[in-house]
Structure formats: structure tokens, C-alpha cells
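Undergrad: this one's sequence-less:
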């Protein structure tokens, strides 16, 4: 209604102007009109000016969107329309009067004077109030429209379950029954099942976010959209719109899991999280690449341009539709604008697209499109949802003060996001904390034009209960980009090496954040490595609004004086504001996070960060040159280089650091490492942790063994090599790192052997060799590792036997040998320290052997028999 009403206001303004002009012209008519025909010309001009506008006003007032205008006022304008028509008829009759017909001129003159008075009365008396009334309605409607747009802009919730670490997507509406946060450590995090859910086997498991079996307030919307999707053949695009956190992503996910939808589209269901990527060419091509991989296949020729991508995709979509007659469903989730959106829309028989967006205008206005507006959460559903997050059930427990619970729930203003986060924060909290939350919520404003500030201030009450140190940890989350999963190691390292926490304390904060729904945890929660300070199998992500809250709170000071200097979103280059502000003076920032595309040396401006202890470089590119100012960061402790594009990036520009440097932790992700890295890292004397994931360039790392100079890592505690495709064997010189406590070589398919001198790692406590299918033997020297407590050889299918003296590992507590199908012979076990063995449910032979050992030798042994675990989720991180 808003736009037609605004148009009506413009028309009313034009009417007022026309009336004023007409009034001025009629003002000159007097009794002398009898002696001249000038009155006729003036009246005709006035009528010609007013009548078209009055006609249009009456016509538009009949529009449905303007049907609420006063019917009496509409009749008044119709009467005025008739008056003007009569005046025009009178003028035309007066043209027939002869100049000498004084009586006729007199009669018509008097009638004209009467028309003049009636017109002046309407314009001068009724016009202004009517116009003011219209403008008042316009103002009210515009304000209401502003509030509606503000609600739509609330940031979306995604992938969280209140009381379990899961990758369940949530816009604040879904939950699972009967779970309490105390069950957190026993609840699976592998994503597609909720507390009552079941794991799916479809090929799109890693693409479609999970959906628990029970939802709150979404059953009708799910059915409504499903009917449009399956029954309306002429609708090819469904646009789901609503405010952030209203359930759009949840609704789309639920549809993908619906049995009828799955039966119709089968394996041709593709879920793409778009966010703001499509607004520039590089991001758009990245989305098209992902869509191409899922529809055409990853072995297809790479797209050269957007036009090439569109043509190839459209041709293949047509071919698939014609050859298989199988319909396809593509979900474009969290679309921020209609910029370039047409490049993501395709047509074919049976091809359907669902778009979720916060903005109504994002939905394309083309044939075959049907919008669907998310309904507001009803009061009863809002209370049920709040109770679920707060109490693990959908009603108020008898032990709770009902009016207090209702007041706090009402203070959330029906926002699913606020219901979720605040409800979870109040779980198991005493009444004074509930009273505190009620008072804070009562002081919050309603949604206003600056919706983000209002929403964030409301959500800020969720972190007020955190300790000062925990609040600092929360603010660090603002450095990590939206819509991505990151290894929890990247976050824990910051808290350990910069915030001064011990690892168990940092991990406890991580779990606290997850239980409060401030972050989402995904991965393998059952990993016994967590007991030994290894969490590399877990990943974290944030919902957009929570990341915005962290960013907002960490950016209160100026760029010069702030302790955290984060880029709010990805930009092509360094922000102009940074370049201007930091050009001639040093920054006092302790934590700097930069998020760009490809960078060359010339793209970096000279900036001085003498106080920086954490530097994170996030980018999506095939080539990346490190910043020129890196060498001057003498206090740097944690250094993260994270490429999240579909292919590895060639890294260049690594400076020669002064010796020694302070860096304690280095994390490298999806890079092609340059040879100079090995030489430059010699100065990293204080390095304690090195994590290398999805990298290449490690094939020649064994060349280090031919050099006379030893690697100088006297403080090295942990090394992680994960998914390093060309790593064949760790260098022997690493075995000289007698301080090393944790060594992980996982998912490295070319690894066949480990160094024979592995037994020299006298301090080693954790050895993880998971998913190395070519690994055929463990060196006998491993039996010398007297401090070794945890060994993971899961999914090492080529491993036939364990070393004969394996029993000499006197401190070994946990042995993970899941899916070791080739391991047929176990050594004689005399390990009194062994407490925990993990084996696959399919390995019946090993189960029998270990049960026998438990009965005869190790009576307190715990044998965990688990299902085989296989996931390709890391491909889409």
C-alpha cells in the first residue's frame, strides 16, 4: 500500500498547486465581466488546469491499496469534478451568446460568479484539511513501512541447536525435544540429526543444512511453500522473504528434507549460501563454480568468465532435463540484493529455484515468480520457543515463576533470535539473574529505523553475564568472516597465546559460547583427542548477527586507538579509511584482521602496527602476496593465513623476519607454500605450534634433511599436517624437536612411512595418524615413546601390524583404531595403563580380541564400538 499512497500524496500536492493557481485566476473576476468575454477564457483555463488532476485523483482513490481513504472525502471530490464539468459546459454555451445580447451575458455572468464562489470555497476551505489528512496518513504509512523494513533486515540465525553442539541451521524456530545443556558432551555434532533426528544418506548431505524433526511455528509455512513448489507448474521461482531470524533458512532446509520434496527432486537438490558474494564479479563466479561442481561435476572444465559459466550451466541444465526428465531444486539462501541475481537464475523443464532474502525488493519481478512472506511468530509459539531454549521443554515448568518467565519472554519482542539466545543464557540460572534480564530488556527500545543497534543492544544482554576475560574472547570473534567455518584451533590459539589462558580454560570458554548459542560447533565431538588438548577435528562458525555484535562491540574506539582493527566484510583491497587514517601514524591495535581478494605487493599500503600480537589474513584468491609491513610486527604471536577459495593460492612475499621473533602459533590454510618458507622459519625460535591444512608445496620438505644446519625450534609443542596432498614423509629433522608433545599427520594420502627416528621425540604425548590410507607401517622406535598417552591410527587401512614391542608404551591410555580393516594381528598386550580402545562396529574380529583382553588382562578397559564415520564436509568449509 505504501507506494500507491505515496503517489497519492504527490498527486495531492500537485492538486494543491493547481488549486492555488486557479484561485488566483478567478480572483480577478468581477461585475465588470458583463462588459467583456475575458471571463470565459479565464474560466476555461482554470477548468482545464484543475479537471485532469481531479479526474486522476478520483481514479487512483479506487485502487485497492488506497481503499482505506475516506469514502465521504472521495464523494466530495466527485462533486467537485461535476462542478468543474458544469463550469466547462457553461463556458461553451456562453460562446454562443452574441456580443449585443446584454441580458444573456448578464445571466451567464451571474452563474459564473456562483461557480467562482463554489470553486473558491472548495479550494480555500476543504482543500487544505483534506491534503493534511492525506499527508498524515502518508507519514504514518511511511513510518510503518520503515519499521517493516527494519524487521526484515535483522540478521539471520543459522545452524545451531540450543543444548547440543550441532550444525543444525536455525533462524530461531526449530528445536529438538527433551534435551538439556547438561547433555552437551554426549550429543553428536555431525549435523543432520537433532535430538530426535536421523542421519540422512543423500548425496547432498554436506550441502543442505540439517533440520531436526520438530519445529515451532513453521508447520504451516512449510506446507504452504511445499504446495507452491510441487503443485504450481507455472511457478519456477519462490522468493521467501522476512526479517532476519524469522525462519527463512530453516524453512528452505526443511523443504529439502521433506519426504515429498525428496521424492520429487531426489538427488538434484542443491543448497547454496549466497550472502553478499554475488554482488561482485569474483564472488559471483565463485558461486557459479560451486553450482557447476554440484550440477555438472567437479571434473568439468573450469569456467573462464561469468558468461561462459552461465552458458555452460544453462546448456547442462537443459541437457539433464531433456535426458533424464528429472526436476532440479536449487536453493539460493541469504541473498542480500538483486545485484547480479539474474546470473544465478536458470530455466528448464522442472527446474525450480527458492530464494531466501531479508529484502522484498530482492525477489525478481518476472513471470513464474511467487513471493512468500514469512508469518510473524505468534505469542504462544514465541513463549514455547523461549521455554525450549531456557528449560529444554515447550512449556513453563511448575518450579518456575510464571509471570517472570512471561515478562522476560515478552521482552524479547517475539524475535526468534532474541528468544533463542536470551533463553539459552538463562538456562539453570537463579531468579536474581532472571530479574536482571527482565529489567534490562524492559529498558530496551522497540525496533526503530536503526534496527541493527536496537537488535544488538538487546542481544548484548546475553554476554553481560560473561566474565571480563570471556567478553574479551567474544570480541575476538568479530575478526572471523561471516558464513564460514574455521578450525577451533585458530580461536583457541588466540586465547592461549594472547589472552593468557591455559588450553583447558580456553576450551571451556569455547563450550560455554556454544552452550549460549554465541557460536556453532561442528565436527567430531567424540574425538578422544580432545582429552589431550587436541581439538583440530572441531570447527566453529557464527551466525551473522552474533558476528555483527562482536564486531560492533570491538569497534567502539577510533582506528588509531582501538585494540581490535577488523574489516567488517570482504573488500577488494585495503579500505580507503585505513589508508587515510593510518598513513602517517602508528596504530595501537593488538589484533588486526584483514579480509580481501587477491593481493599483490603494490596493493599493500605502508601501515605501522608495532603493538600487533594477532594478524589474520582472510582471502579468496589463487595468488596472494603477504603485506610489506609484516616484517615490522615485532610483537606478533599468532599468525593466520586463511584462503577459502575453491583452489589453493600461491603464496608469495614472505619476508625475512628479524631474529628472534615472538610468533608462537602459525596456521596456514589452502596455500601453495613457497620454498623460502623453510629458510625464513629458521628465525621462529619461539614457535610452539604449526598447523598446515589443505596445503601443497610440502613434497620437497624432506630436502631439509640434506642441510647441515638443524631446525631451531626449541619450544615447539605441536605440529599438524592435515589434507596436505603432496606430503610423503615428515622430515627426519623434526625428530630432533625433543620438546614436541603433539604430532598430527591426518588425511595425507601419500604418506607411506614415518621417520625411523620417531622414537627420538621423547616428550611426545599425542600421535594422530588418522585417514592416511597409504601408511603401511609404524617405525619400531615408536615403542620408545615413554610419554605417549594417545595414539590414533583410525582409517589407516594399509596398516597390517603394530610393532612387536608396542606393549612397551607404558603410559598409553587411549588407542583409536576405527576402520583399520587391514590390521589383523595385535601384539601381546601388557599395557596396564590402557584405559580406552575405540573400534568400528563392522570390525567384529577386533571386538572379540579386545573383549578377550579385557576379560583376561585389563579389566577396567573401556571398549567403544562406534559406527563408521565418513564426511566430506571439509570440502565446503
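TA: Now that the structure is in, tell me what you want to look at. A quick note: this is a predicted structure, and the numbers were derived from the prediction, not measured. Numbering: from 1, shown residues only.
Undergrad: which residues sit against stretch 360-378?
TA: Around stretch 360-378, the neighbours that count as contacts under CB atoms under 8 Å, 6 or more residues apart in numbering are 152, 173, 217, 220-221, 224-225, 228, 232, 234-243, 246-248, 251, 335-338, 341-342, 345, 355, 357, 385, 414, 416. Where C-beta positions appear, they are placed from N, C-alpha and C, glycine not excepted.
Undergrad: So which of these belong to helices?
TA: Using DSSP state H, the subset of the contacts of stretch 360-378 located in helices is 152, 220-221, 224-225, 228, 248, 251, 385, 416.
Undergrad: so where is the stretch 551-700 of the chain shaky, pLDDT-wise?
TA: Filtered on pLDDT under 70, the stretch 551-700 of the chain yields the residue ranges 557-561, 657-660, 676-683, 699-700.
Undergrad: residue boundaries of the strands in it?
TA: Under the criterion DSSP state E, counting those that start in this stretch, the stretch 551-700 of the chain carries strands at the ranges 564-566, 591-596, 614-619, 623-625, 638-643, 649-652, 665-669, 671-672, 689-693.
Undergrad: Make JSON lines from those strands and add mean neighbour count and distance to residue 796 to it.
TA: Rendered in JSON lines, the data for those read as follows (neighbours: other CB atoms under 10 Å; distance: least, CB to CB, whole Å):
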{"stretch": "strand 564-566", "mean neighbour count": "24", "distance to residue 796": "41"}
{"stretch": "strand 591-596", "mean neighbour count": "22", "distance to residue 796": "37"}
{"stretch": "strand 614-619", "mean neighbour count": "22", "distance to residue 796": "33"}
{"stretch": "strand 623-625", "mean neighbour count": "18", "distance to residue 796": "34"}
{"stretch": "strand 638-643", "mean neighbour count": "24", "distance to residue 796": "28"}
{"stretch": "strand 649-652", "mean neighbour count": "18", "distance to residue 796": "30"}
{"stretch": "strand 665-669", "mean neighbour count": "22", "distance to residue 796": "24"}
{"stretch": "strand 671-672", "mean neighbour count": "20", "distance to residue 796": "26"}
{"stretch": "strand 689-693", "mean neighbour count": "21", "distance to residue 796": "19"}
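Undergrad: rewinding a little: can you select the buried ones from the contacts of stretch 360-378 in PyMOL?
TA: Typed into PyMOL, the next command selects the buried ones out of the contacts of stretch 360-378 (criterion: 16 or more other CB atoms under 10 Å):
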select buried, resi 152+173+217+221+225+236+237+238+239+240+241+242+243+246+247+248+251+335+336+338+341+345+355+357+385+414+416
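Undergrad: could the ones in helices among the contacts of stretch 360-378 be laid out in JSON lines, adding distance to residue 303 and pLDDT?
TA: What follows is those, written out as JSON lines (distance: CB to CB, whole Å; pLDDT from 0 to 100):
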{"residue": "152", "distance to residue 303": "33", "pLDDT": "46"}
{"residue": "220", "distance to residue 303": "40", "pLDDT": "85"}
{"residue": "221", "distance to residue 303": "35", "pLDDT": "88"}
{"residue": "224", "distance to residue 303": "36", "pLDDT": "93"}
{"residue": "225", "distance to residue 303": "31", "pLDDT": "94"}
{"residue": "228", "distance to residue 303": "31", "pLDDT": "94"}
{"residue": "248", "distance to residue 303": "28", "pLDDT": "83"}
{"residue": "251", "distance to residue 303": "31", "pLDDT": "88"}
{"residue": "385", "distance to residue 303": "43", "pLDDT": "84"}
{"residue": "416", "distance to residue 303": "38", "pLDDT": "75"}
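Undergrad: still on that earlier bit, just put the strands of the stretch 551-700 of the chain in JSON lines and tack on distance to residue 734.
TA: As requested, the strands of the stretch 551-700 of the chain are exported to JSON lines (distance: least, CB to CB, whole Å):
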{"stretch": "strand 564-566", "distance to residue 734": "35"}
{"stretch": "strand 591-596", "distance to residue 734": "30"}
{"stretch": "strand 614-619", "distance to residue 734": "25"}
{"stretch": "strand 623-625", "distance to residue 734": "26"}
{"stretch": "strand 638-643", "distance to residue 734": "20"}
{"stretch": "strand 649-652", "distance to residue 734": "21"}
{"stretch": "strand 665-669", "distance to residue 734": "15"}
{"stretch": "strand 671-672", "distance to residue 734": "20"}
{"stretch": "strand 689-693", "distance to residue 734": "10"}
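Undergrad: Any idea which of those gets closest to residue 465?
TA: Nearest to residue 465, of all the strands of the stretch 551-700 of the chain, is strand 564-566, at 21.6 Å by CB to CB.
Undergrad: For that closest one, enumerate its sheet partners and note whether each is parallel or antiparallel.
TA: As defined by DSSP bridges, the strand partners of strand 564-566 come to strand 591-596 (parallel).
Undergrad: Name the spans of the stretch 751-877 of the chain whose pLDDT lies under the cut-off.
TA: Within the stretch 751-877 of the chain, the ranges that satisfy pLDDT under 70 run 827-830, 869-877.
Undergrad: how much space between the closest residue in space to residue 609 that isn't next to it in sequence and residue 581?
TA: The shortest distance from residue 609 to any residue that is not its chain neighbour, by CB to CB, 6 or more residues apart in numbering, is 5.2 Å, and that residue is residue 587. If you measure residue 587 against residue 581 using CB to CB, to the nearest Å, the figure is 8 Å.
Undergrad: The closest residue in space to residue 836 that isn't next to it in sequence - how many residues pack around it?
TA: Nearest non-adjacent residue to residue 836, counting by CB to CB, 6+ apart: residue 814, 4.4 Å away. Per other CB atoms under 10 Å, the neighbour tally for residue 814 reads 21.
Undergrad: Then the one 3 residues further on?
TA: Residues near residue 817, counting by other CB under 10 Å, number 22.
Undergrad: Identify the residues contacting it.
TA: Residue 817 makes contacts with 793-794, 823, 837-839, 846, as judged by CB under 8 Å, 6+ apart.
Undergrad: now the strands: where do they sit in the stretch 201-350 of the chain?
TA: Listed in chain order, the strands found in the stretch 201-350 of the chain under DSSP E, counting those that start in this stretch are 214-215, 237-241, 269-275, 328-335.
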